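Chemist: here's a sequence, model it:
(one chain, ligands or ions: 1)
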Amino acid sequence: MAQKMQERFDVAVVGGGPVGFASAIALAQGGTQVAMVTGRSAGSAPSPDLGRTAALMRGSLDFLYGLGLEDKIVEASWPLAAIRMIDAKRGLIRAPTVTFRALELGVADFGRNISNARLVDILRQAAAETPGLTILDAEVSTMETMSDRAVLLGNGNAIEAHWVIAADGRHSAVRQAAGIATRTWTYPQTAITFHVRHARDHEDVSTEYHTNEGPFTLVPLGDRLSSVVWSVAPQRARELAALDDGDFALRAERECQSLLGRFTVAGKRGAYPLGGLIAEKFATGRTLLAGEAAHAFPPIGAQGLNLGFRDAAEIGRIDLRGDVAPREAERYDRRRRVDAATRTAAVDLLNRSLLTSFLPADMLRSAGLIALAGISPLRKLAMRTGMGSSPRLPARRSLAG
Ligand SMILES: Cc1cc2nc3c(=O)[nH]c(=O)nc-3n(C[C@H](O)[C@H](O)[C@H](O)COP(=O)(O)OP(=O)(O)OC[C@H]3O[C@@H](n4cnc5c(N)ncnc54)[C@H](O)[C@@H]3O)c2cc1C
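Modeler: So this is what the prediction gives:
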């Protein structure tokens, strides 16, 4: 650690991404003494904004609003009133376009789209103002676990905590130190992220084109401004990266048949090789895993961070004050692993069905979309599931419970 800490905390949260900060705030608001170890070196600038955003569904928004962040989140984000899926695969079968409208469920929007960098800014600022929460800009290199506490080590210093939340991303050092194994896999895809200004109004509709290389998704982010996630084969990603912004914008515009008119790239572009990960346990000893330290999958259907915020909401419900028995950790492990495994399987299936040219897989995917287009109760069920159940923070569970 950069700063030498003498104190012992109830909980140390490791990882200054959205899931780590949200977990830390939720715990501290309930009276838990929390150390938040961000992974940034002291005095360093935040990570650059590479065009990555998160479409946060109702459940995640309810959780963040419950932490007192509604005004700031609303100001920094844009509503998603409808989600449209367009089958753009080259093949024998083409599924109908499916549009889900939030109004069908009697709500104005499914959720809101926000830049990751802006979201982390908002959470970090809120964490700095939360009593009982100490932010440490430092990196954890390893951890030693005793029966009643863990010691986090880094840069020759140490902090002690009864519990550790590993929210340090997919290469989690804490998960490795806790000895938790993972299952990992890769996809022949790279997701390119960027923002575009466009000539036509998006009308608050997010549009996901399903192509042979993966989804090309336009998500409203502002007035005539959208964020884009474009999943392509790695070789094509390299070719696109070599283009200047003007040529790149033209290629992106063609990919969606100029749906929103002329494109101009706004800000920097990012590229993320796609893969999946699921931890074999979500808790062991004194450690609980959250966010991408526990689960990761491709950006299709905007699920990853929404799942991570459900981890954070569950963590906020557990009473982790003091040296307590590990029963709550076991419960967390069971609940969160089931949710993550279900979402991982669904996202993996949908993503692979795009990459395959296997006719029966295309037929199945098309049949699913036809059913979603035509059967109202099924559409509503899919929309409710996609929005996520509301993980507001209710009363904490006590250990006796
Ligand atoms: C292209 C793309 C688009 C996406 N779009 C969506 C979307 O629309 N909706 C959605 O729900 N999800 C989306 N996701 C998924 C979402 O981005 C992730 O689920 C989310 O960012 C994970 O957050 P996290 O806090 O778990 O991890 P991260 O954001 O990876 O944060 C981990 C943190 O841990 C810190 N850290 C690392 N090592 C250490 C260490 N040793 N010590 C201390 N700190 C450390 C890092 O500095 C970082 O701050 C998308 C993903 C991609 C790739």
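Chemist: going forward, measure contacts and count neighbours with C-alpha atoms only.
Modeler: OK.
Chemist: count the neighbours of Gln33 for me.
Modeler: Counted with other C-alpha atoms under 10 Å, residues neighbouring Gln33 total 22.
Chemist: ok, now Ala346?
Modeler: Neighbour count for Ala346, taken as other C-alpha under 10 Å: 12.
Chemist: isn't Ile300 up against Leu218?
Modeler: No. Counting by C-alpha atoms under 8 Å, Leu218 is not a contact partner of Ile300; they are 11.7 Å apart.
Chemist: comparing these two, which shows the higher neighbour count?
Modeler: The neighbour count for Ile300 versus Leu218, taken as other C-alpha under 10 Å, is higher for Leu218 (26 against 20).
Chemist: residues touching the more buried one, list them.
Modeler: Leu218 is in contact with 206-208, 226-229, counting by C-alpha atoms under 8 Å, 6 or more residues apart in numbering.
Chemist: does the ligand sit close to stretch 285-294?
Modeler: Yes. Using C-alpha under 6 Å from any ligand atom, a contact is recorded between stretch 285-294 and the ligand, made by 291-292.
Chemist: quick one: that stretch to chain centroid distance?
Modeler: The chain centroid and the centroid of stretch 285-294 are separated by 15 Å, computed with C-alpha atoms, centre = their mean, to the nearest Å.
Chemist: just the strands in the stretch 51-200 of the chain please.
Modeler: Remark: strands assigned in the stretch 51-200 of the chain by DSSP state E, counting those that start in this stretch are 53-57, 78-80, 82-87, 98-101, 111-115, 133-136, 142-145, 150-154, 157-166, 182-198.
Chemist: repeat for the stretch 201-350 of the chain
Modeler: Using DSSP E, counting those that start in this stretch, the strands found in the stretch 201-350 of the chain span residues 205-211, 214-222, 225-232, 263-279, 283-284, 287-289, 295-296.
Chemist: just checking, what packs against the third one?
Modeler: By that I understand strand 225-232. strand 182-198, strand 214-222 (3 or more C-alpha pairs under 8 Å, 6 or more residues apart in numbering; DSSP states H and E).
Chemist: the last one - what's its average pLDDT?
Modeler: Right, the one you point to is strand 214-222. For strand 214-222, mean pLDDT rounds to 95.
Chemist: partner strands of it, with direction?
Modeler: Next to strand 214-222 in the sheet, as set by DSSP bridges, lie strand 205-211 (antiparallel), strand 225-232 (antiparallel).
Chemist: and Asp10, that's in a helix?
Modeler: No. Under DSSP: H, G, I helix; E, B strand; the rest coil, Asp10 falls outside any helix and is assigned strand.
Chemist: still on that earlier bit, list just the one of the strands of the stretch 51-200 of the chain that sits closest to Arg124.
Modeler: Ranking the strands of the stretch 51-200 of the chain by proximity to Arg124 (C-alpha to C-alpha) places strand 133-136 first, at 8.7 Å.
Chemist: who's in contact with Thr344?
Modeler: 295-297.
Chemist: let's see 10 Å
Modeler: Counting by C-alpha atoms under 10 Å, 6 or more residues apart in numbering, Thr344 touches 276-278, 295-298, 303-304, 307, 338.
Chemist: hang on, the earlier thing: lowest average pLDDT across the strands paired with strand 214-222?
Modeler: Of all the strands paired with strand 214-222, the minimum mean pLDDT falls on strand 205-211 (a mean of 93).
Chemist: that one near the ligand anywhere?
Modeler: No. Judged by C-alpha under 6 Å from any ligand atom, strand 205-211 stays clear of the ligand, getting no closer than 10.5 Å.
Chemist: tell me what angle that strand forms with strand 53-57.
Modeler: Per axes from the mean of the first three to the mean of the last three C-alpha atoms, to 10 degrees, the angle that strand 205-211 makes with strand 53-57 is 110 degrees.
Chemist: CA atoms of strand 205-211 as CSV?
Modeler: Presented in CSV, the C-alpha positions along strand 205-211 are these (Å, rounded to 0.1, in the frame of the first residue of the first chain):
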residue,chain,number,x,y,z
VAL,A,205,-34.1,3.8,-28.8
SER,A,206,-31.1,1.5,-28.3
THR,A,207,-30.5,-0.6,-31.5
GLU,A,208,-28.6,-3.9,-31.5
TYR,A,209,-27.7,-5.4,-34.9
HIS,A,210,-26.8,-9.1,-34.7
THR,A,211,-24.1,-9.7,-37.3
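Chemist: buried set for that strand?
Modeler: By 16 or more other C-alpha atoms under 10 Å, the buried positions in strand 205-211 come out as 205-211.
Chemist: and the pLDDT for Phe7?
Modeler: Residue 7: Glu, not Phe. Each residue has a pLDDT score; the one for Glu7 is 70.
Chemist: in stretch 160-178, what's buried?
Modeler: Buried, per 16+ other C-alpha under 10 Å, within stretch 160-178: 160-170, 172-175, 178.
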